[in-house]
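Participant: Need a 3D model of the sequence below.
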Amino acid sequence: MLMSVRGAIAATLLAGSALAATPAFADEADAPKDFTVTGNVALTTDYRFRGVSLSNGDPAIQGGITVSHKSGVYVSTWSSSIHGGDVYGDQELDLIAGWTGDLGHGLTLDAGMLYYVYPSGHVGDANYWEPYASLAYSVGPAKLKAGLAYAWKQKGLLTIDGYKHDNVYVYGNVDVAIPNTPVTVSGHLGYTSGVLAPCYYCNGDKTGVDYSIGASMTVYGPLSVGVSYIGVSGPSIDSYTNDAVVGTLTASF
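Facilitator: Here you go, the predicted model:
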């Protein structure tokens, strides 16, 4: 199965205590915060990860919190309801730590480690690690991004013929903000090679391509809506790898 980066009460309390002191001078009041806390909750019509439905084609509730330091270091957690059977259960919990910052010449690096956890799974150990890195570059209203994620051979990944297997995922995104509107149009193309390929479980195919095109917009204050057409290569299996139109309502804070 394919899984996804995304709270942390302790981290929120830590950030809150760091920001709670009352500044004694005006220049301190204007100083940048050492920590910032952001988060979101969302309702989506289908949880699609790398083109594959992890909610059996049904709606999913999702949400996450990120605590960031001004140095660029951050910790984050994100969770979604899933339909994962006995092995994965009904919840995915992602734990993340990383760094993001400006490399100059308009390039932004984001790199870190993601740990996929399935707390309600009952058969075996499905948890696994996946380091990741991406580069982003803005051109006018467009933001371009290319990324790589690699899951090495480990206990939580599928064992085939008595051997563990690894997985590589590479992708490219483009987001274009439409001038003078609240609308952003997005496109995505990804390639998987390894044990997490979309159809490894249905026909043994060790590679796969996923793609999407969509749009999102702010509708009121922290609320935004989005809709995407999502597809993946290989056999079309209903509520798993079939093409789908997915809508999402998100509240950010």
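Participant: Please, where are all the helices along the stretch 151-253 of the chain?
Facilitator: 200-203 (DSSP state H, counting those that start in this stretch).
Participant: Below-threshold pLDDT in it: ranges please.
Facilitator: 159-163 (pLDDT under 70).
Participant: let's see it at 80
Facilitator: For the stretch 151-253 of the chain, residues meeting the criterion pLDDT under 80 lie at 158-164, 200-204.
Participant: which residues in it form strands?
Facilitator: Under the criterion DSSP state E, counting those that start in this stretch, strands of the stretch 151-253 of the chain are mapped to 159-160, 163-164, 167-177, 183-194, 207-220, 223-232, 244-252.
Participant: quick one, what contacts residue 127?
Facilitator: Each residue near residue 127 by C-beta atoms under 8 Å, 6 or more residues apart in numbering is listed here: 115-118, 155-156. All C-beta spots, glycine's among them, are computed from the backbone N, C-alpha and C.
Participant: Tell me the one among those residues nearest to residue 128.
Facilitator: Nearest to residue 128 among the contacts of residue 127 is residue 156, at 3.3 Å by C-beta to C-beta.
Participant: what about the nearest residue in space to the closest one that is not next to it in sequence, how many neighbours?
Facilitator: Closest residue in space to residue 156, ignoring its immediate chain neighbours: residue 128 at 3.3 Å, by C-beta to C-beta, 6 or more residues apart in numbering. Neighbour count for residue 128, taken as other C-beta atoms under 10 Å: 22.
Participant: Tell me the bridge partners for residue 100.
Facilitator: residue 110 (DSSP bridges).
Participant: Just the pLDDT at it, thanks.
Facilitator: On pLDDT, residue 100 comes in at 98.
Participant: One more: residue 1?
Facilitator: Reported pLDDT for residue 1: 41.
Participant: And residue 228, how far from residue 216?
Facilitator: Applying C-beta to C-beta, to the nearest Å, the value for residue 228 to residue 216 is 8 Å.
Participant: where do the contact lists of those two overlap?
Facilitator: 186, 248.
Participant: okay if I get the strands of the stretch 151-253 of the chain as TSV plus mean neighbour count and distance to residue 146?
Facilitator: Formatted as TSV, the strands of the stretch 151-253 of the chain follow (neighbours: other C-beta atoms under 10 Å; distance: least, C-beta to C-beta, whole Å):
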stretch	mean neighbour count	distance to residue 146
strand 159-160	12	30
strand 163-164	12	28
strand 167-177	17	5
strand 183-194	18	10
strand 207-220	16	15
strand 223-232	17	19
strand 244-252	16	23
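Participant: Mind checking those strands for the one nearest to residue 75?
Facilitator: Evaluated over the strands of the stretch 151-253 of the chain, closeness to residue 75 peaks at strand 244-252, with 18.1 Å, by C-beta to C-beta.
Participant: tell me the secondary structure for residue 87?
Facilitator: Per DSSP: H, G, I helix; E, B strand; the rest coil, the local secondary structure of residue 87 is helix.
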